[in-house]
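[1] Sharing a model prediction with you, sequence too.
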Amino acid sequence: MYYDKQHYRSIRLGPVSTSKIELRDLLKAWAAISFAFAILFSGGLSFGPEFAMAFIISCLTVGVGFIFHEMGHKFVAQHYGCFAEFRSDDRMLIFAILLSFLGFIIAAPGAVMISGPVGRMRNGKISAAGPAVNFALALVFLACIILLGKNMLFDYGFRINALLGVFNLIPIGIFDGKKVLHWDKSVYAFMVAVGLALIVLQGFV
């Protein structure tokens, strides 16, 4: 692991290490993505209670899904002794906000930068961790719907996290799916099946 005394001072949080710059980038990306989806959900930017509610729901569904997805990659990478920290892509964050005014979003807020002993198997497991976390969150929100009743927060949390997981399993380019498929086809097929099952369930809740 490398450090710059001014910018990369390590902060230990239990078994996980982070830094001030990573915490800053995570907060920035969380806020920007939540803001973009709030614009999308509410149909535009306003300063009334409807937009405030949309922003809160976005923070607790899309925002949480994004943060936990990236932390899934980070935790597994650090488990294998790698340096792993999230870095935001400020241009893509601005792009996502601008697109939200047009009624759709391309969300690529940044990525976990990893360096260290990573081979095909470890890379596959690190990549699988992100979508797996989204599916776990989708199941948590589904359980809340079943036990506590359906509302906007639980519904969006269930749907968005299921979609985030499936979307990231696309087996091309920089998506997680390409690395999972390269590592283990059976694991990839299982994860896709879980994601599709969660999407099908959305028609019944």
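    Looks like it came in fine.

[2] What count of nearby residues applies to Gly103?
    10 (other C-beta atoms under 10 Å). The C-beta positions use only the backbone N, C-alpha and C, and glycine is treated the same way.

[3] What is the top helix by length along the chain packed up against?
    Using DSSP state H, we find that the single longest helix of the chain is helix 120-148. Contact partners of helix 120-148 among helices and strands, from 3 or more C-beta pairs under 8 Å, 6 or more residues apart in numbering; DSSP states H and E: helix 64-79, helix 152-167, helix 176-183, helix 185-201.

[4] Hey, what's the angle from that helix to helix 64-79? Just curious.
    140 degrees (axes from the mean of the first three to the mean of the last three C-alpha atoms, to 10 degrees).

[5] What residue spans form the domains of this structure?
    1-118, 119-205 (automatic domain parsing).

[6] Least confident of those domains, on average?
    Among the domains of the chain, domain 1-118 has the lowest mean pLDDT, at a mean of 86.

[7] Find the residue at the geometric middle of the chain.
    Phe66 (2.3 Å; C-alpha atoms, centre = their mean).

[8] Please point out which parts of stretch 72-82 sit buried.
    Using 16 or more other C-beta atoms under 10 Å as the test for burial, stretch 72-82 gives 72-78, 80, 82.

[9] swap in stretch 107-120?
    Result for stretch 107-120 [16+ other C-beta under 10 Å]: buried residues 107, 109-110, 112, 114, 118.

[10] ok, so of those, who is nearest Gly130?
    Val112 (8.6 Å; C-beta to C-beta).

[11] Help me confirm that the closest one is found in a strand?
    Yes - assigned with DSSP: H, G, I helix; E, B strand; the rest coil, Val112 falls within a strand.

[12] Tell me who's in contact with the nearest residue to it once chain neighbours are set aside.
    Nearest non-adjacent residue to Val112, counting by C-beta to C-beta, 6 or more residues apart in numbering: His73, 4.4 Å away. With contact set as C-beta atoms under 8 Å, 6 or more residues apart in numbering, His73 has these partners: 84, 112, 114, 126-127, 129-130.

[13] In terms of distance to Gly48, which of the buried residues of stretch 107-120 ranks first?
    Ala107 (24.6 Å).

[14] Run through the residues that contact the closest one.
    33, 36, 62, 66, 92, 96.

[15] for the helices and strands packed on helix 120-148, which one sits closest to Ile21?
    With C-beta to C-beta, the closest approach to Ile21 among these belongs to helix 64-79: 13.8 Å.

[16] next one: the closest one to chain centre, how far?
    Distance, stretch centre to chain centre, for helix 64-79: 8 Å (C-alpha atoms, centre = their mean, to the nearest Å).

[17] tilt between it and helix 152-167?
    Going by the same axes, to 10 degrees, helix 64-79 is angled at 50 degrees with respect to helix 152-167.
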